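A.B. asks: dropping a prediction and its sequence here:
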Amino acid sequence: MARLPLKQLLQENPKKVLVLDGGQGTELERRGIEVANPIWSTIPFIDESFWSESSVERKIVKEMYSDFIKAGAEALMTVTYQASFKSVSDNTSIKTLSGYDSLLTRIVDFSRGCIGEDKYLIGSIGSWGAHICREFTGDYGPNPETIDYYEYFKPQLENFNKSSQIDLIAFETVPNIHEVKAILSWDNTVLSKPFYIGLSVGDNGLLRDGTTMAEIAEFIKSLGNKINPNFTFLGINCVSFNTSSNVLASIHELLPDMPLLVYPNSGEVYDSEHKIWLPNGDKSNTWDLVVKRYIEAGARLIGGCCRTTPQDITEVSEAVKKYTK
Ligand SMILES: C[S+](C)CC[C@H](N)C(=O)O
Ligand SMILES: N[C@@H](CCS)C(=O)O
Ligand SMILES: [Zn+2]
């Protein structure tokens with residue numbers, strides 16, 4: 001394996017900041033793939049025709065990875081954000097656990113083939129809310145504490161745990177405190193490789209369900225040494241570009257020793273009913289400025305989420321080089 005284990009890389013190089021890719025789902029959409037459906041960006045992988053060398057969609061996915069790498073990405077994600085067993089089995093002809101497991105393994109192996117051995121491959125798992133498009137509201141109904149998050153995540157988690165290709169598991173765009181607590185209650189028999197949690201935070205600096213960053217920090221501190229040692233980064237993703245550096249700084253202040261990650265969206269706002277992005281009224285910051293702030297706030301993994309492109313990652317990568325010299 002050409003790459004060092006991720007934790008070793010970070011421990012041996014305390015100043016190292018890894019550059020992540022941009023938003024895969026919206027980037028595929030920009031390149032002509034129709035993603036407005038219940039399994040969102042995983043849709044191209046479902047039809048058997050994707051796996052033939054002549055597939056146009058296959059070429060698009062390969063080119064996307066190649067362009068993110070050219071832009072400077074060192075860690076790239078599988079396109080499996082909305083590929084939970086529930087989402088896939090409810091909405092495609094794949095109904096069995098074994099069929100589902102084969103699909104994920106195929107996607108993971110294909111993704112590794114696209115990015116090569118020296119880049120890190122992150123297994124993307126969208127939050128529970130993603131399958132009902134509530135990742136930007138955190139509205140998990142009247143009893144979010146009774147949802148069986150483990151049952152929901154288990155098939156995807158087990159596939160990524162056992163995969164030798166996946167370096168890091170990503171719980172992305174998590175908007176609800178009960179889901180955060182559930183994930184952090186799993187020990188290293190359930191989550192047996194490095195993982196992170198990307199919180200979905202509003203412009204008001206609160207988790208989408210209204211929980212403060214201070215409450216989240218207190219909860220993490222309360223776990224003490226019972227915390228799963230594979231918990232590698234905490235951070236934010238798909239938060240607005242403009243507010244992201246303030247939110248990250250507030251988490252850093254509360255948890256100064258926690259390695260952080262950040263990959264904001266473009267600042268456009270998702271209309272979940274029509275599955276379209278509404279314009280960003282105020283793109284007042286630049287990547288150069290926000291990346292500088294992210295690094296000051298303890299970020300070790302920086303990239304872009306929805307509606308960010310290889311051009312954004314070029315700017316992220318240049319800024320990371322500049323501020324980690
Ligand atoms: C991060 S959002 C743009 C993903 C898509 C959303 N869950 C949907 O299903 O429309
Ligand atoms: N990794 C996912 C996150 C969506 S919020 C994507 O970029 O498509
Ligand atoms: Zn996003």
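C.D. replies: Arrived safely. Ligands and ions are numbered 1, 2, ... in the order given.
A.B. asks: chain center to the longest helix that the chain contains: distance?
C.D. replies: When the chain is scanned for its longest helix (criterion: DSSP state H), the result is helix 97-115. Here helix 97-115 shows a centroid-to-chain-centroid distance of 17 Å under the convention CA atoms, centre = their mean, to the nearest Å.
A.B. asks: cool, stretch 32-40 as well?
C.D. replies: Relative to the chain's own centre, stretch 32-40 is displaced by 17 Å; criterion: CA atoms, centre = their mean.
A.B. asks: thinking E179 is in contact with G126, fair?
C.D. replies: No - using CB atoms under 8 Å, E179 is not in contact with G126, being 11.1 Å away. Just so you know, the C-beta spots here come from the backbone N, C-alpha and C atoms, and that holds for glycine as well.
A.B. asks: ok, the nearest residue to F195 once chain neighbours are set aside - how many residues close by?
C.D. replies: Counting by CB to CB, 6 or more residues apart in numbering, F195 lies nearest to I169, which is 4.0 Å off, once chain neighbours are set aside. I169 has 25 neighbours, counted by other CB atoms under 10 Å.
A.B. asks: where does I169 land in three-state SS?
C.D. replies: strand (DSSP: H, G, I helix; E, B strand; the rest coil).
A.B. asks: could you pull up the residues touching C133?
C.D. replies: S272 (CB atoms under 8 Å, 6 or more residues apart in numbering).
A.B. asks: and for V61?
C.D. replies: Contacts of V61 (CB under 8 Å, 6+ apart): 28, 44, 79, 110, 114.
A.B. asks: how about a cut-off of 7 Å?
C.D. replies: Going by CB atoms under 7 Å, 6 or more residues apart in numbering, V61 touches 28, 44, 79, 114.
A.B. asks: where's it, which helix or strand?
C.D. replies: Assigned by DSSP states H and E, V61 falls within helix 56-71.
A.B. asks: got the CA positions of that helix in CSV?
C.D. replies: Taking only C-alpha atoms (Å, rounded to 0.1, in the frame of the first residue of the first chain), the coordinates of helix 56-71 have been written out as CSV:
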residue,chain,number,x,y,z
VAL,A,56,-20.7,7.0,-20.6
GLU,A,57,-21.6,7.4,-17.0
ARG,A,58,-18.7,5.3,-15.9
LYS,A,59,-16.4,7.6,-17.9
ILE,A,60,-18.0,10.7,-16.2
VAL,A,61,-17.3,9.3,-12.7
LYS,A,62,-13.7,8.4,-13.6
GLU,A,63,-13.1,11.9,-15.0
MET,A,64,-14.6,13.5,-12.0
TYR,A,65,-12.1,11.7,-9.7
SER,A,66,-9.3,12.4,-12.0
ASP,A,67,-10.1,16.1,-12.1
PHE,A,68,-10.4,16.3,-8.3
ILE,A,69,-7.0,14.7,-8.1
LYS,A,70,-5.5,17.0,-10.6
ALA,A,71,-6.9,19.9,-8.5
